[in-house]
Structure formats: C-alpha cells, structure tokens
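A.B. asks: structure here, sequence nowhere to be found:
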C-alpha cells in the first residue's frame, strides 16, 4: 500500500548509523509467515562514485537523474522516474526469490556485509476497505572512514539504495517544506513539458542533485502533506456547512466522523507518499521530519481556545498528529512508550515535552547527530501550541538539557522551525484582520458580495488571521520569541555553537539575520566572532504555489524596515539581499524575498568549517531545473564560555 519509506534517527556514540524503514501492507492476499523481511548489504571496502570524485577533484563527471529522454513525437523532454514497489503508476518487473538471491551471490565480494531485519508490527488499521498492517524495520550500519552505498530489498524484491556518511564526515542533506497544493490550486498549472504531474518538477531537480552527489538525509520542515480536502469527505459535509461558529463548536463527534477522519488520513498518506518523484526520494534518502502547520488543520493550535476544544475540531488535530507520528516518524506511542531517558526509546534522537493542550500526545522534538561538527534540532512547535504559546517551559527545559549533552566537537547547531523566526512583520495586517470594524470580515461572515472566502471555514475569523497568529513575530508570541533568541544566544556563547535556523511555511525563499547591534560610534562586530549572528534560511515551497506578486512586493518592502524589538538585548534584525539577480540572470529590485518554488541543500565546508546553505530556486515554472543562491553560517570564532 505504501513504502518503503526510510527514516534517519542518529549516529550513536559507537559510530553506528541508526535508522528504520516502514511499509504498509494489505492483509488481504498477504502471507505473514514468516513476517516481512528487510535485507540490506554494503561493502565497507568500496568507495562511492561521489567519494571518488571528491578525492580526485573531478566533480563534474556524474550524470543527473532521471535521464531526460526525447520522445519520438515531441520536442519536449520526458522524465522516467523508474520503478517503485508501491507506486500504482509504476511498472515493477517481478523478481523471484531464487533470481534475487542468485544475482546477489554473483555480485558478492569477500568483504560485503549483509544483515536481515524482520518486520515489527507497528500498528494495524482496520477500515471499511480492509485491514492494513504497518511494518517497521530497524537498520544499523557501522560507519567506516568513507561514505557507503547501502542496497536493500524487502522480501528479496526490487533493489533500492541509500547512502550513509563516513565516520568523520558531516552529512549532506536536503531541506524542504510545503509538499502539496492548497485547495483550489490546479496542479497542472505547474506541470512543465515532459512531466506527468505538477508535483514532480522540483522534486526531480532534487533527485538529480542526489544522483550527482548523494544526500544522507531528507529533512521535512513542515507540511509534508496537505489535508485541505478532508472537508470534502461526505461525513464532514454537515459539520463543514454550519455557518455559525457556535454550531460548529457544539457539533458532536460521531462514530461516522471518527471513521471518516482515519479513513481519509490513511488513504491520503498512502496515495501521497507512494507516488511520483517524492516516493523515489523518501525511499532513497532517509527522512527526518517535523510536524508543521497543517495538522491537518492549517494553523492548528492558533485558534481561540473554545474552537480548539470543540469535539470535531480537536479530534481532527489529534488524529492528524497520530498519523504524522506513524507515517513520518515510524513511531507508535502505545508501543514505544513515552520515556526518552538514554536507552529507553527505540529512537535515540527523541525528546518528549509535556502533554499538549489540544493534542493527546506530548510534544516530540528530535536532536539529531548530523556528523562530528553538526547537530540538527527539530523543535516541535505544534503539539503544545496555544494562541499565546508556541512551546511550553517544560519542553524548552528538556530541549536545552539535551543540547548541553552535545560533544565539544559540535560547532554548528541548526534548529528547524516550521515558521521563520527572523522574517518581516505583518503587525498592521494582523491588527486590521482582528478588528471588529473591518468591513470585509463582516461581509465575509454574512456571505455577502461573494466575500465568504475572506473568512476561514472554522470560526469565521479572517482567513489569514490563523496564519499570522501562527508566526513567531505575531503579537501573542513576540515575548516568547525574544526570550528564546536570548536563551539561544547564551547557549551559543557558552557552548561555542554557531546557531542557524531553517524554516518553511511562507511559500517563498528568504534569509533573515540576527546579529549584534552596532553602536553609533562602534564598528560592526566581525561575523565570525559574533555569537549573536544567526541566519534563518527560509525554504518554501517545494510544490505549492508562491504568494501573489503584490504580497511579495509588500513583504520585500517590509524587509527593509529596521526592527528594534531586540535592541534592548544588543541584537539587530535584518534580511539578506540574496536575490539581486533573477533566475534568468536579470537584475531584481526585490532583493530580499523571491516567490518561486525551491528547496535547500546543506553541506559542511571542510576547509573553512562553515555550513553552506544553498537555496535552489526553480528557474522556470514546471521545468525541473533550479538556480543556486548560497548563504553560509561561519564556524564560531570565539572560545567556549
């Protein structure tokens, strides 16, 4: 039904790469005696092609993937994504166990290592369409002094692969967000020549770079799945049709709605995670995912408390979080428990916070080893969110305690936040939309003049208001945001960590900067010695449509404004004018924000010790090629406190 999906957990203190794989199978027609088997192998003496190129200095000889082929009846490129075990549009040639085993034996070298892992029943979904089992396989690979290719099969079927870094190598990774289209967007408008789907072009570009120089992790920064279409399900129609918010709040949570929500989420995940270029990515690059804004309600946690506690509304968010854990993190709290003390949880990177106010699970943050010099923190900003809170004090305490355990070799800490923390403000718009005197909101609530779309379908507030309330720079979160930045500045100084942020959500690329405030007569603090210097790389969206041109022009204008919010803490905020040149080489006046689909590659500069973030922005809509815009975070140039 879905998979294989790969997940990266961490590299433990013994130098063992730890991760997992997940498949979902239909019990009807399946035989589970013995349980599904995951076989993986590698040759510790064999160098990868990218390793050979790096050692020889020849970095331009590798082909891109997928290979574009020209069709006979057209001048357009045609992209073949290749077979995939679960993609219904893929052709997979059956491989008998004897054929598979003999081919493995013929290619085996004396140094090859092979391991087997039998599937663990992670969860069973019993729906109207049948019974389906989630199988989890744990993977452990002792690292060597160089990068290795890992080949794997499930039940001796189709061979797939992924890559692990060398023992002393920092991971190369790709970051993305907003992997879907909002309701009302026609995906075909983003399908360029040769592509079967508007979902694929930018993912194909990412896969092309992966084929050239493999990524070791695929980092999802939120909105890996869009669930807007849930409200189109038949059982949801009566609830969704209630015009008055009070009626919707009091609507009972029926068994039909419970069944509907689980059925939708299960089917929607299976369909989205097994198709097209994204399926090829999540089966060949181990994922590291965080729960983003859609859960599956856009901005869940940022609505008024009485709406958040409404039975149907709360259940949607609650089940969305459960399915996020099962499909994207391969975790079942009922099976795995809720203890993250060393050695207690199956995934070592897990950090639990406290129970969410609306979600019946504690927050799940992750601190991931990305190599000797780099660590990645995925801060769960959804499970504990309220209108006036992003994370609880308990979660911050647990996260800060875990950061203190980072080894002294770590110089870079990247924090993944679903929403940018250094980004232009929308305070005036927030105030206007909250105002009871706003005529557009009033007309939208009455359905007058065709303005019903101006208010959201849940509580009849302005449609954009939940988005704005979700932002770190929103009025309700400003104090928490400033406090968090100050705490991170202290951590950066004491532990000699260069802290950077990666974010998504806003459907455009940008780089925000926090740095030490320059006095009127003082020189700028050199970047490499400034512990307050933090960049916020915004990579969004890899699939979804950019904001309208007018919005982009407005945000670019706001990016030039001097924000004094953190001046009391000797901190200045600005934006990096990274986009002075457009993707076609022409000059741009709007230098701070660019509204094109994008993703970000992250690599460590071995010579300088800097961390290089390269925003890869779609050159032309739907054509599957990107233009690089690099920004770097310098290694810390101060002593440990």
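C.D. replies: Yep, it's here. Keep in mind that what you see is a predicted model, and the values were worked out from it rather than measured.
A.B. asks: for residue 588, give me its contacts.
C.D. replies: By CB atoms under 8 Å, 6 or more residues apart in numbering, the residues touching residue 588 are 579-582, 594. C-betas here are computed from N, CA, C, even on glycine.
A.B. asks: ok, it to residue 308 distance?
C.D. replies: 41 Å (CB to CB, to the nearest Å).
A.B. asks: cool, residue 173 as well?
C.D. replies: Distance from residue 173 to residue 308, by CB to CB: 34 Å.
A.B. asks: who has more neighbours, the two?
C.D. replies: residue 173 (26 against 23; other CB atoms under 10 Å).
A.B. asks: neighbours of the residue lying closest to that one once chain neighbours are set aside, how many?
C.D. replies: Spatial nearest neighbour of residue 173, chain neighbours left out: residue 217 (4.1 Å); criterion: CB to CB, 6 or more residues apart in numbering. Neighbour count of residue 217, defined by other CB under 10 Å: 25.
A.B. asks: now do residue 217 against residue 567, distance only.
C.D. replies: Counting by CB to CB, the gap from residue 217 to residue 567 is 37 Å.
A.B. asks: please apply the same query to residue 199.
C.D. replies: Plainly put, residue 199 is 44 Å away from residue 567 if you go by CB to CB.
A.B. asks: compare these two (neighbour count), which wins?
C.D. replies: Set residue 199 next to residue 567 and count neighbours by other CB under 10 Å: residue 199 wins out with 23 against 12.
A.B. asks: how about the strands of the stretch 501-641 of the chain, start to end?
C.D. replies: In the stretch 501-641 of the chain, the strands defined using DSSP state E, counting those that start in this stretch lie at 510-516, 534-538, 571-575, 598-604, 611-618, 626-633.
A.B. asks: closest to residue 545 out of these?
C.D. replies: strand 611-618 (11.4 Å; CB to CB).
A.B. asks: tell me what angle the closest one forms with strand 534-538.
C.D. replies: Orientation check (axes from the mean of the first three to the mean of the last three CA atoms, to 10 degrees): strand 611-618 against strand 534-538 gives 20 degrees.
A.B. asks: I'd like to check the angle between strand 611-618 and strand 510-516, please.
C.D. replies: Using the same axes, to 10 degrees, strand 611-618 lies at 150 degrees relative to strand 510-516.
A.B. asks: partner strands of strand 611-618, with direction?
C.D. replies: As defined by DSSP bridges, the strand partners of strand 611-618 come to strand 598-604 (antiparallel), strand 626-633 (antiparallel).
A.B. asks: list the buried residues for the longest one?
C.D. replies: Looking back up the chat, that one is strand 626-633. By neighbour count with 16 or more other CB atoms under 10 Å, strand 626-633 contains the buried residues 626-627, 629, 631, 633.
A.B. asks: need phi/psi at residue 236.
C.D. replies: In terms of degrees, to the nearest 10, the main-chain angles of residue 236 are phi -90, psi -10.
A.B. asks: again, but for the one 4 residues further on
C.D. replies: According to degrees, to the nearest 10, the main-chain angles of residue 240 amount to phi -70, psi -30.
A.B. asks: neighbouring contacts of stretch 175-187?
C.D. replies: Under CB under 8 Å, 6+ apart, the answer for stretch 175-187 is 190, 197-199, 206, 218-226, 228-229, 272, 278, 292, 416, 418, 502-505, 507, 537, 539-545, 599-602.
A.B. asks: show the buried residues in these.
C.D. replies: Among the contacts of stretch 175-187, those scoring as buried are 190, 197-199, 206, 218-226, 228, 272, 278, 292, 416, 418, 502-505, 507, 537, 539-545, 599-602 (criterion: 16+ other CB under 10 Å).
A.B. asks: who's the closest spatial neighbour of residue 515, skipping the chain neighbours?
C.D. replies: Excluding its sequence neighbours, the residue lying closest to residue 515 (CB to CB, 6+ apart) is residue 533, at 4.7 Å.
A.B. asks: below-threshold pLDDT in the protein: ranges please.
C.D. replies: Applying pLDDT under 70 to the chain flags the ranges 58-79, 91-108, 293-296, 426-470.
A.B. asks: longest strand anywhere in it?
C.D. replies: strand 130-142 (DSSP state E).
A.B. asks: ok and the helix or strand immediately after that strand in the chain relative to strand 130-142, angle-wise?
C.D. replies: Using DSSP states H and E, the helix or strand that directly follows strand 130-142 along the chain is strand 148-154. When the same axes, to 10 degrees is applied, the directions of strand 148-154 and strand 130-142 differ by 150 degrees.
A.B. asks: quickly run through the sheet partners of the next helix-or-strand element following strand 148-154, with directions.
C.D. replies: Next in sequence after strand 148-154, counting helices and strands by DSSP H and E, comes strand 160-164. Strand 160-164 pairs in its sheet with strand 148-154 (antiparallel), by DSSP bridges.
A.B. asks: now do the phi/psi pair for the residue nearest to residue 336 when sequence neighbours are not counted.
C.D. replies: Using CB to CB, 6+ apart and skipping residues adjacent in sequence, the residue nearest residue 336 is residue 346, 5.5 Å away. Residue 346 has phi and psi values of phi -70, psi -20 when expressed as degrees, to the nearest 10.
A.B. asks: repeat that for residue 21.
C.D. replies: With angles defined as degrees, to the nearest 10, residue 21 sits at phi -130, psi 160.
A.B. asks: who's in contact with it?
C.D. replies: Residue 21 makes contact with 3-7, 38, 136-137, 139, 152, 154, according to CB under 8 Å, 6+ apart.
A.B. asks: then residue 332?
C.D. replies: The contact partners of residue 332, by CB under 8 Å, 6+ apart, come to 122-123, 134, 325-326.
A.B. asks: narrow these to those in helices?
C.D. replies: 325-326 (DSSP state H).
A.B. asks: want to try a markdown table for the contacts of residue 332, with distance to residue 318 as columns?
C.D. replies: Below are those laid out as a markdown table (distance: CB to CB, whole Å):
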| residue | distance to residue 318 |
| --- | --- |
| 122 | 19 |
| 123 | 15 |
| 134 | 18 |
| 325 | 11 |
| 326 | 13 |
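A.B. asks: just to revisit the earlier point, strand partners of the longest strand of the chain, parallel vs antiparallel please.
C.D. replies: Here strand 130-142 has these sheet partners by DSSP bridges: strand 16-26 (antiparallel), strand 120-127 (antiparallel).
A.B. asks: okay, now the domains of the chain?
C.D. replies: By the record's domain assignment, the chain is partitioned as 2-55+83-88+110-423+471-633, 425-462 (the TED database).
A.B. asks: can you redo these as TSV with distance to residue 639?
C.D. replies: Shown next, in TSV, are the domains of the chain (distance: least, CB to CB, whole Å):
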stretch	distance to residue 639
domain 2-55+83-88+110-423+471-633	7
domain 425-462	35
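A.B. asks: deepest of the ones you listed, which one?
C.D. replies: Ranked by mean neighbour count under mean count of other CB atoms under 10 Å, the domains of the chain are led by domain 2-55+83-88+110-423+471-633, which reaches a mean of 19.
A.B. asks: just give the closest residue to the most centrally placed residue in the chain, not the sequence neighbours.
C.D. replies: Nearest to the geometric centre of the chain sits residue 220, at 1.4 Å (CA atoms, centre = their mean). Closest residue to residue 220 apart from its sequence neighbours, by CB to CB, 6+ apart: residue 289 at 3.9 Å.
A.B. asks: of the buried ones among the contacts of stretch 175-187, which belong to helices?
C.D. replies: Counting by DSSP H, these place 206, 272, 278 in helices.
A.B. asks: which residues touch the first one?
C.D. replies: Going back to what we said before, that points to residue 206. Contact partners of residue 206, counting by CB under 8 Å, 6+ apart, are 174, 176, 277, 281, 542, 599, 616.
A.B. asks: could I get the contacting residues of the closest residue to the last one other than its chain neighbours?
C.D. replies: It refers to residue 616. Excluding the flanking residues, the one nearest residue 616 by CB to CB, 6+ apart is residue 626, at 3.8 Å. Contacts for residue 626 (CB under 8 Å, 6+ apart) come out as 202, 205, 583, 598-599, 616-619.
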